[in-house]
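> Structural data only, the sequence is not supplied:
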């Protein structure tokens with residue numbers, strides 16, 4: 001349905017808690033630790049993982065949708081991973097056009113939470129992230145909650161990386177629940 005490799009979790013927060021440290025460690029980026037750039041408005045479900053990610057790699061926080069600073073980080077560092085909401089919980093959206101350009105130009109890894117967009121926006125409820133990045137490539141990860149407009153329980157992680165599920169099941173299985 002979403003044209004991606006999907007891994008189900010008991011919640012979106014569990015998917016993020018399991019996945020962001022793996023991204024920071026370099027396990028999902030061909031064993032190269034990225035500079036992790038968090039958007040200032042990244043939802044708490046991602047922001048609370050900053051200390052764990054900082055145990056693995058360097059992290060910085062930039063102002064909301066500050067694409068100029070993000071591009072400067074892409075120019076300065078060999079590998080950058082951007083962590084943000086796709087649809088912000090209060091208002092607004094990620095700058096999809098610039099993110100796509102930075103990914104093409106610098107190889108930017110993109111980690112987006114579209115819990116507030118999935119099932120509400122886009123064709124067949126695909127949300128803003130999948131509407132802008134479908135099909136997902138191996139440098140884009142989208143997490144989303146199924147508990148919003150779908151009215152279900154749980155969360156999911158979507159990626160174009162066909163090997164991601166193996167990494168997540170092996171190293172990122174959140175606690176004892178799946």
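In hand now; what should we look at? Remember, it's a predicted structure, so these values are computed and weren't measured experimentally. Numbers count the residues shown, from 1 in each chain.
> which stretches of the chain have low pLDDT?
Residue ranges of the chain with pLDDT under 70: 117, 121-122, 124-125, 149, 172-178.
> Which parts of it are strands?
5-9, 35-39, 59-62, 80-85, 109-113, 140-145, 155-159 (DSSP state E).
> Mind putting those into TSV with mean neighbour count and distance to residue 17?
For the C-beta atoms, the positions are set from N, CA and C on the backbone; glycine is no exception. Compiled in TSV, the strands of the chain are given as follows (neighbours: other C-beta atoms under 10 Å; distance: least, C-beta to C-beta, whole Å):
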stretch	mean neighbour count	distance to residue 17
strand 5-9	18	9
strand 35-39	23	15
strand 59-62	17	16
strand 80-85	25	13
strand 109-113	26	12
strand 140-145	28	10
strand 155-159	24	10
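> Dump those into JSON lines; add distance to residue 52 as well.
Conversion of those to JSON lines gives the following (distance: least, C-beta to C-beta, whole Å):
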{"stretch": "strand 5-9", "distance to residue 52": "17"}
{"stretch": "strand 35-39", "distance to residue 52": "11"}
{"stretch": "strand 59-62", "distance to residue 52": "10"}
{"stretch": "strand 80-85", "distance to residue 52": "12"}
{"stretch": "strand 109-113", "distance to residue 52": "14"}
{"stretch": "strand 140-145", "distance to residue 52": "16"}
{"stretch": "strand 155-159", "distance to residue 52": "17"}
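> To residue 16, which of these lies closest?
Closest approach to residue 16 among the strands of the chain is made by strand 140-145 (5.5 Å; C-beta to C-beta).
> what pairs with the closest one, and is each one parallel or antiparallel?
Its sheet considered, strand 140-145 pairs with strand 109-113 (parallel), strand 155-159 (antiparallel) by DSSP bridges.
> can you list contacts of it?
Contacts of strand 140-145 with the rest of the structure, by C-beta atoms under 8 Å, 6 or more residues apart in numbering, involve 4, 11-12, 15-16, 19, 23, 28, 86, 103, 109-115, 117-118, 127, 129-130, 133, 136, 154-161, 164.
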